[in-house]
Each structure stands twice: as structure tokens, then as C-alpha cells.
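**Student:** only geometry, no sequence info:
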């Protein structure tokens, strides 16, 4: 077991830079400042499958993020679709670029499936479950992968945790 190269965290950080963020001093300080809340959330949502130690199923983690409204879902409703090939001959190219950027901004989404992909590298002996450390790592991975607005990006990374 101790011969496993993945036991050395510095080697694991080299292979997975997100782990470097998990161990960053400002992130660990944020975890420490919010330890009671994070422990309470984990303890409330975790189960002990097979009479083992507390673990949180990844589906429950995703539900937790959904309940906290951290998902960016596609807008519902009928939207007018324009044919991109049928352009306005009198349109200003700058206006067209701004309109294209606005459409792209509206299309930013972060779905449950994308969260699942973000947290895929985390897990306990059963890859569908998170122990407390993996729960914290999953939070960092989601914060890293979730698209943030410009206003949100101005805030420090730790405020997004």
C-alpha cells in the first residue's frame, strides 16, 4: 500500500492541479472558517452504507448544489430563434459581435451532468461516494469548473466556495 505512487500528495498535485487548489492556504483557511457549517451539511446528508463510515453519495451532493441554486440551467420557455445564415445586410459588425456575445452569455449553463464530470476524479473506495475530504475536494472542483459571471469572477476564489 505504501509503495503506491498516489500516496504522495505532491506527486498527485503534479498530475492533478485542482488538488493544489484544495491545499492552497486561502482555501484551507476558508474550510477552517466554515468548518462547523461544512461538517453539519456533510453529517446531515451523509449515510453509512454497509455500516461503514459516513459517506455522501455523489447524487446527493449534486442535489445539495441544486438546492443551493449553484446550477446554471438552460432557460425555459419559448425563445425566438433566428437563422444565423440570414444576416441583416445593413447590420453593424460591432453590433453583430455584441449580439453574438450576449447570446453566448445566455447559453452558459452548468448542469447536473457537468457537476458529475467535475467530481468524477473524487471518491472513496466506492467511486460513487464522497467521504468528508472528498466532499471538500468536490466543492473546489465544482467552483473551479462552474462558469462564473464577470461580477462573480471579481470576487476571490475562496468566496465562491
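**Tutor:** It's in. In this text the structure is predicted, and so the values were computed from the model without any measurement. Residues are numbered from 1 along each chain as shown.

**Student:** Okay, strands next: where are they in the chain?
**Tutor:** Listed in chain order, the strands of the chain (DSSP state E) span 56-57, 129-130.

**Student:** Quick one: distance of the last one to the chain centre.
**Tutor:** Which is strand 129-130. Offset of strand 129-130 from its chain centre (Cα atoms, centre = their mean, to the nearest Å): 15 Å.

**Student:** Adjacent strands (with direction) for it?
**Tutor:** Sheet pairing for strand 129-130, assigned by DSSP bridges, gives strand 56-57 (antiparallel).

**Student:** I would like the residues contacting the strand it pairs with, please.
**Tutor:** Residues external to strand 56-57 that are found in contact with it (Cβ atoms under 8 Å, 6 or more residues apart in numbering): 42, 45, 46, 47, 128, 129, 130, 131, 135. For glycine as for every other residue, the C-beta is placed from the backbone atoms N, C-alpha and C.

**Student:** give me the number of residues near the fourth one?
**Tutor:** When counting by other Cβ atoms under 10 Å, one arrives at 12 neighbours for residue 47.

**Student:** doesn't residue 54 make contact with it?
**Tutor:** Yes. Using Cβ atoms under 8 Å, residue 47 is in contact with residue 54, at 7.2 Å.

**Student:** Can you check the distance spanned by stretch 53-70, start to finish?
**Tutor:** 28 Å (Cα to Cα, to the nearest Å).
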